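Novice: take this sequence and fold it.
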Amino acid sequence: MKSIIGQVLQRVREGVLDPISERISEITRERVFGVVGEHIDCHINCHKYVNDLKKRVGDLKRKRSDKEAELRVVDLSEKMVREEVQEWFEGARNVIDMSDIEEEVKNVSYLSRGSLGRHVRQKIQEVREIYSRSNFTEGLVIERPPSIGIPLPIENMVGEVDVKEKIWGYLRDSEGMIGVCGIGGIGKTTIMKHIHNELLNETIGFEKVIWVTVSHPLNVVRLQGDIARKMNKGLREDADELERASRLMEIMKTVKYALILDDVRDKFTLTRVGIPEPTIENGCKIVITSRSADVCNYLRCQIVKVPPLPEQESLNLFLDKVGLDVLEIPHLEELLKLMVDRCAGLPLAIVVIAGRMRGVNDICVWRNALLELRQ
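Specialist: Got it, this is the predicted structure:
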């Protein structure tokens, strides 16, 4: 091996190289001179490249602002930003950040200008690449896939598990109309909000899950409009109640729906509103919550009654909301139990009153609050 190297060195000294050695020598010279030349170019033109980068970043910022302005006028409840557009915005955000370059410019020395120039040239190439991808010929957005419904904000349920399971039983069998009945504040709405959200992920196969809070007194035109909007459709404002009912009927017959009508207090017929009758064939379901058993019976609902909370569950809920530290207040436990008893097992009353008494340590204030409840 040493003799071969020695021969090559001898030929170099003599100026005699074979074609392969000459080519190796040529490539080596090109690479060395190329690297040296690039470093010299980056050293000499460092500030020129920095200014070029600033201009290109400014152009990219304006392009990004234009795209953001286009998106602001799009109704993103019905459309969604393309994945490639989201990636472009992320890429633009990353290359627009010049904090590392600016820090290097502040601290650059004469000897380090070449390295800075090389870094800036790389950054320029990244900005050019991102800018070149800013022409989205297919647009920025696409149609959003049909949503069966929007999850509702919910609170924890207390003591309504059996009622909830009963409602689920009717939803899974042949019952088309279900009425959840009980006095105000008993927890009907809370139960149905939980069921609504679970229906969105249920495999029963509803194409649309609709929640509408019904006004009191009943406004049929408003109810028709609320249901149509939840179906992502519109009804003519100048049409009368009957025309709107016909149009709504046409819309709702095209989907398998679960319709939840909350706080129904007045009697009405489904036909008057424009709601198709739930049947075994169409697989649709309607659930109403109401304080009135008469309303539920009028709509021919299978009634599920929501009972008051038992004594111990009422006490647990009150303590959860008021804070367990109240039990440390002398002579308060008996007053607390009397106050819970006055709430009559109504979750809403318990939560409101416990919230008012939270942080109150004066037993006289508790006695006055109990007197107010009794009155």
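Novice: tell me the pLDDT of Asn8.
Specialist: One thing to correct before we go on: residue 8 is Val, not Asn. Per-residue pLDDT puts Val8 at 46.
Novice: equivalent analysis for Thr213, please.
Specialist: Note for Thr213: predicted pLDDT of 96.
Novice: confirm for me that it is in contact with Asp262.
Specialist: Yes. Using CB atoms under 8 Å, Thr213 is in contact with Asp262, at 4.7 Å. No exception for glycine: its C-beta is placed from N, CA and C like everyone else's.
Novice: what about these two, which has more around it?
Specialist: Taking other CB atoms under 10 Å, Thr213 and Asp262 do not tie; Asp262 has more neighbours (18 against 14).
Novice: what's the spacing between that one and Lys193?
Specialist: In this view, Asp262 and Lys193 are 9 Å apart by CB to CB, to the nearest Å.
Novice: go on, Glu207?
Specialist: Glu207 is 20 Å from Lys193, where distance means CB to CB.
Novice: more crowded one of the two?
Specialist: Taking neighbours as other CB under 10 Å, Glu207 and Lys193 compare with Lys193 leading, 19 against 14.
Novice: identify the residues contacting that one.
Specialist: 152-155, 211 (CB atoms under 8 Å, 6 or more residues apart in numbering).
Novice: please identify which helix or strand holds it.
Specialist: Assessed by DSSP states H and E, Lys193 sits inside helix 188-199.
Novice: cool, Gly149 as well?
Specialist: Using DSSP H and E, Gly149 sits within no helix or strand.
Novice: which one is it nearest to, not counting chain neighbours?
Specialist: Spatial nearest neighbour of Gly149, excluding adjacent residues (CB to CB, 6 or more residues apart in numbering): Val209 at 3.6 Å.
Novice: who does the one you found bridge with?
Specialist: Beta bridges link Val209 to Ala258, judged by DSSP bridges.
Novice: mind listing the helices for the stretch 101-250 of the chain?
Specialist: 113-132, 161-172, 188-199, 220-230, 241-252 (DSSP state H, counting those that start in this stretch).
Novice: can you give me the buried ones in the shortest one?
Specialist: Translated: helix 220-230. Neighbour-count burial for helix 220-230, counted by 16 or more other CB atoms under 10 Å, picks out 220, 223-228, 230.
Novice: and Val180, what does it touch?
Specialist: Val180 neighbours (CB under 8 Å, 6+ apart): 163, 167, 188, 191-192, 287-290, 304, 306.
Novice: any idea how far it lies from Leu261?
Specialist: 10 Å.
Novice: next, the distance between the ends of stretch 341-350.
Specialist: 10 Å (CA to CA, to the nearest Å).
Novice: hmm, back to that, nearest to Val127, of the buried residues of helix 220-230?
Specialist: Lys230 (45.6 Å; CB to CB).
Novice: that closest one - nearest residue in space that isn't next to it in sequence?
Specialist: In space, and not counting its chain neighbours, Lys230 is closest to Ile210: 4.4 Å by CB to CB, 6+ apart.
Novice: was I right to think the one you found contacts Val255?
Specialist: No. Checked against CB under 8 Å, the pair Ile210 and Val255 is beyond contact range at 9.7 Å.
Novice: so those two - more neighbours on which side?
Specialist: Shown here are Ile210 and Val255; by other CB under 10 Å, Ile210 has more neighbours (23 against 16).
Novice: tell me the buried residues in the helix holding Lys193?
Specialist: Going by neighbour count (16+ other CB under 10 Å), the buried part of helix 188-199 is 188-197, 199.
Novice: okay if I get the residues you listed as a markdown table plus distance to Ser132 and pLDDT?
Specialist: Listed next are the buried residues of helix 188-199 as a markdown table, based on distance: CB to CB, whole Å; pLDDT from 0 to 100:
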| residue | distance to Ser132 | pLDDT |
| --- | --- | --- |
| Lys188 | 59 | 94 |
| Thr189 | 54 | 94 |
| Thr190 | 54 | 92 |
| Ile191 | 56 | 94 |
| Met192 | 53 | 95 |
| Lys193 | 49 | 95 |
| His194 | 51 | 94 |
| Ile195 | 51 | 95 |
| His196 | 47 | 95 |
| Asn197 | 45 | 93 |
| Leu199 | 47 | 93 |
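Novice: elements contacting the helix or strand in which Leu317 is found?
Specialist: Per DSSP H and E: Leu317 is located in helix 311-322. The contact analysis (3 or more CB pairs under 8 Å, 6 or more residues apart in numbering; DSSP states H and E) places helix 311-322 against helix 332-342, helix 347-357.
Novice: out of the ones you listed, nearest to Arg93?
Specialist: helix 347-357 (43.3 Å).
Novice: for the following helix or strand past that closest one, packing partners?
Specialist: Sequence order places helix 363-374 as the next helix or strand after helix 347-357, per DSSP H and E. Here helix 363-374 touches helix 332-342, helix 347-357, going by 3+ CB pairs under 8 Å, 6+ apart.
Novice: look up the closest residue to Asp59, ignoring the ones flanking it.
Specialist: Tyr131 (6.6 Å).
Novice: how many neighbours does that neighbour have?
Specialist: 18.
Novice: for Asn316, which non-adjacent residue is closest in space?
Specialist: Val158 (7.7 Å).
Novice: any common contacting residues for Asp262 and Lys193?
Specialist: Trp211.
Novice: most surrounded residue in the contacts of Lys193?
Specialist: Highest neighbour count within those, by other CB under 10 Å: Trp211, with 21 neighbours.
Novice: contacts only, for that residue.
Specialist: Counting by CB under 8 Å, 6+ apart, the residues that Trp211 touches are 149, 152, 193, 196, 230, 260, 262.
Novice: just Pro330 next, same as before
Specialist: Ile363.
Novice: in a helix, that's where it is, yeah?
Specialist: No. Counting by DSSP: H, G, I helix; E, B strand; the rest coil, Pro330 is not found in a helix; it is coil.
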